[in-house]
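Asker: dropping a prediction and its sequence here:
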Amino acid sequence: MNTSTRSLAIITLAIISFVLLPNGHAVVPPPDGAYPGFNTAEGEKALFSLSTGVANTAVGWSSLKSDTDGSFNTAVGARTLLLNVGDQSTGEGTQNTATGAGALSSNTAGSENTGSERSSCSVMRPVYATMR
């Protein structure tokens, strides 16, 4: 086989290989999760309703889905902090941390809470203890 025939065979094989490769699909937004206001979201409907909240992190299906104005919340796991709405002007629904599926999913306006797995609540308020 001469050089030109070999080159033609390699080029033809390369073109056929590229045609038969599965199509790549882009994800919008890109998976680095960098959103305006220092927010990060990974997962379907994570931070779905966010409008003005800042510095939130939501990882998992519907994490922080209802959050519109809450800030400094961290939700890792499916449906974590699901109903948290947040209000920066009153400080409600801010500075919460939830890890594990469904953690703090019913929290709507509580602040400075930490929950794991299915620890749910309606409205939680922080409790401060003083050491003497």
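Answerer: Now that the structure is in, tell me what you want to look at.
Asker: give the pairing partners of the helix or strand bottoming out on mean pLDDT in the chain; include direction for each.
Answerer: When each helix and strand of the chain is scored by mean pLDDT, DSSP states H and E, strand 34-35 comes last, with a mean of 77. Strand 34-35 pairs in its sheet with strand 39-42 (antiparallel), by DSSP bridges.
Asker: how far off centre is the strand it pairs with?
Answerer: Distance, stretch centre to chain centre, for strand 39-42: 4 Å (C-alpha atoms, centre = their mean, to the nearest Å).
Asker: do stretch 47-62 as well
Answerer: On C-alpha atoms, centre = their mean, the centre of stretch 47-62 falls 6 Å from that of its chain.
Asker: next, the buried residues of it.
Answerer: Residues 47-48, 50, 53-54, 56-62 are the ones in stretch 47-62 that count as buried (16 or more other C-beta atoms under 10 Å). Yep, even glycine has a C-beta here, placed from its N, CA and C like the rest.
Asker: out of the residues you listed, list just those in strands.
Answerer: 57-59 (DSSP state E).
Asker: export those residues to JSON lines and tack on pLDDT and distance to Thr12?
Answerer: Shown next, in JSON lines, are these (pLDDT from 0 to 100; distance: C-beta to C-beta, whole Å):
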{"residue": "Thr57", "pLDDT": "95", "distance to Thr12": "49"}
{"residue": "Ala58", "pLDDT": "94", "distance to Thr12": "48"}
{"residue": "Val59", "pLDDT": "94", "distance to Thr12": "45"}
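Asker: let's have these in JSON lines, adding distance to Glu92.
Answerer: Formatted as JSON lines, the entries for these read as follows, by distance: C-beta to C-beta, whole Å:
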{"residue": "Thr57", "distance to Glu92": "19"}
{"residue": "Ala58", "distance to Glu92": "18"}
{"residue": "Val59", "distance to Glu92": "23"}
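Asker: ok, the residues you listed vs Gly70, which is closest?
Answerer: Set against Gly70, the nearest of those by C-beta to C-beta is Ala58 (10.5 Å).
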